[in-house]
Structure formats: structure tokens, C-alpha cells
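Asks: Return a 3D structure for these sequence lines:
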Amino acid sequence: MLSTILAINWEPEFRGILTVIIGTVVWMGSIYLILGTDVGARLGFLITLTGLAGWIALMGFVWWIYGIGLKGDAPEWKQVQGRTVIQEVDLLYQAGVLDDPIDVTSETDSAVAAEVVSDRLASQGWNRIDASAPEFGQAEASAGVFLEEEGSFSPGEFGVTAVYEIDPPEESAYPKLGPNGEFDLIAFFHKPYYTLVEVAPFVPLLDEPGRAPTAPEIDTALQRQYVYMVRDLGSLRQPAGYIAVGSTIVFLAMCFLLHRRDRFVAENLARKAIASA
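Replies: Numbers count the residues shown, from 1 in each chain. Next comes the predicted model:
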């Protein structure tokens, strides 16, 4: 019968339910059976539940510290609704990226307009990320996905020329303790963390049979476009934190009940000793 149940593998949900039931009966049930025969059904249940809650609490803290086990949402870049792809340079002010409008028109050379935008961003506290930094590649990949989803470009039709991040990112998390904010393990609250990616369209490539494709070149006749993104820090450790805190509360409550029972037993034994004397 057991081999027949374990052979069920075409329904993952049903198999998972059976796994939990079998694990509960065999693992916790066997421990409760042994304790119940030694100390009684009620006390054996309290001891078993206390040990189980303590073990789950330890496991939850390990998951919480190392970010393993049951995980939440991973950090990712998300769109700024309605302002993700900015196709004209002079729309950066309307999108809320720049504090003041800039004097740039569609006739302005794309390189000159990009330099004006770069200087204005630097004056407002934005940092230009080096192309060799890991943050550059992560933002480049996310921006490419958003551009393709919006239908602005197809793969191979554009290149990322610059990535800007607001300065300083360390102040986005709070509260921090210490004179210089060294202790940040309780920095559970975060301010929005924005990134701006500058992309330049390429000159359409000529596909000639029998010849190697030419290297892409930036089309200086077209303006640069920008992808405005916000960093979602996710909730990678949140489920583990809930498990650790909840199991700790249950563990402490069970310890209190066991301690309370021991006090009652000690008082009853004392009364019995006095009465027999």
C-alpha cells in the first residue's frame, strides 16, 4: 500500500500533501508515541510540540540569516508606471527625472543632448556607473527587456551608452545604528531606489548574403532614449523571518506551559507530603 501511494507522481500537489501526512505520522508521530508511553499522552504532546517548535525556530533563523530555504521574491528592477520608456530627451522633466526642463529640441545633435542630460543629472546627485561594474550589466539587461516589451526596439537595434544611479544609495535604507551607520541589520525600511538607463539606436544594418555583418554604429540623427526603473528589493528573507518569529513564540509559550505544569506538580506533591505527615 505504501509503495502504491509513493508511486503517485502525476499530481505534484497530491504528492506533496501525502508527503506532509506521511512525514507527520512517521516522524513526529513516532516521537509522540514514545513520549506518550513514558510520560503520558498529555505531557508527551506538550514535550513533542515544544521540541518541534524549537527545531523549526532554529531552522527559520538559519534560513533567515543565509537567505536559503523558503524564499520570497528576489530583488529585481521594475517599471515606473507610465514613465518607463522616455523616447524624447525633453520629456525627462515631465517624467520627474529632472527638476527643471532643459533646452533641447529634436534638431539638437544626439551626442550634444546626451552630454547636456549627463551634466544636469550630475548636478542633481546622479552618479554615472562604470561600464565594467556589475550594476551596469544588471540595469542593461532589465532595460532591454522593458524596451522590447514596450515595442520601442527589437534585439540588436540599440545599445546602452550610460547608466545613472541616484547618490547615495546607502541612505535609502533605515534605521541604522552606530556613529557611521555601521549596524544595518535592522534597516527594514527603504526609500525608492531609481536608475536611469540611456540607450542609443543603431543605424540599420545591411544584410548582404555571403558577407559578415558589419559592426553596429550609433545613429546620430536620432535622439537617445531613456529607461526609468525602480529597484524592488524583494522579500527574499521574509518567509523565513515569519517562520522564525512565529515558531519562537510557540516555543516560548510551550515552555511556559511546561514550567507551569511543573509548578502545579511540585505544589501538589508538597500538599500530599504534608497531608501524609
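
Asks: Let's verify the nearest residue to Pro75 once chain neighbours are set aside: helix, strand, or coil?
Replies: On the basis of CB to CB, 6 or more residues apart in numbering, the spatially nearest residue to Pro75 that is not a chain neighbour turns out to be Gly234, at 4.3 Å. C-betas here are computed from N, CA, C, even on glycine. With DSSP: H, G, I helix; E, B strand; the rest coil as the basis, Gly234 sits in coil.

Asks: before we move on, what about Val227?
Replies: Under three-state DSSP, the three-state class of Val227 is strand.

Asks: What is the neighbour count of it?
Replies: Counted with other CB atoms under 10 Å, the neighbours of Val227 add up to 28.

Asks: Let me see the contact set for it.
Replies: With contacts defined as CB atoms under 8 Å, 6 or more residues apart in numbering, Val227 is in contact with 84-86, 142-143, 146-147, 196-197, 199.

Asks: again, but for Phe189
Replies: For Phe189, the contacting residues are 173-175, by CB under 8 Å, 6+ apart.

Asks: Buried members of the residues you listed into ChimeraX, please.
Replies: Selection of buried members from the contacts of Phe189 for ChimeraX, criterion 16 or more other CB atoms under 10 Å:
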select :173
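
Asks: re earlier: filter the contacts of Val227 down to just the ones in helices.
Replies: Among these, the residues falling in helices (DSSP state H) are 142-143, 146-147.

Asks: Would you confirm that Ile238 contacts Gly69?
Replies: For the record, residue 238 is Gln, not Ile. No - using CB atoms under 8 Å, Gln238 is not in contact with Gly69; the gap is 11.9 Å.

Asks: ok, back up a step: tell me the two of the ones in helices among the contacts of Val227 that are most distant?
Replies: Greatest spacing in the ones in helices among the contacts of Val227, by CB to CB: Ser142 and Leu147 (9.8 Å).

Asks: who's more crowded, those two?
Replies: A direct count of neighbours by other CB under 10 Å for Ser142 and Leu147 places Leu147 higher, at 22 against 19.

Asks: Could you check the pLDDT of Glu208?
Replies: pLDDT, Glu208: 68.

Asks: Run the chain-centre distance for stretch 53-66.
Replies: For stretch 53-66, the separation from the chain centroid amounts to 19 Å (computed by CA atoms, centre = their mean, to the nearest Å).

Asks: Show me how the record splits this protein into domains.
Replies: Following the assignment in automatic domain parsing, the chain carries domains at 2-70+238-276, 76-232.

Asks: Need the contact partners of stretch 244-260.
Replies: The contact list for stretch 244-260, computed with CB under 8 Å, 6+ apart, reads 46-47, 49-50, 53-54, 56-57, 60-61, 63-64.

Asks: Narrow these to those in strands?
Replies: Among those, none falls in strands (DSSP state E).

Asks: now, which of the residues you listed sits nearest Ile243?
Replies: Proximity of these to Ile243 (CB to CB) peaks at Gly60, which lies at 3.8 Å.
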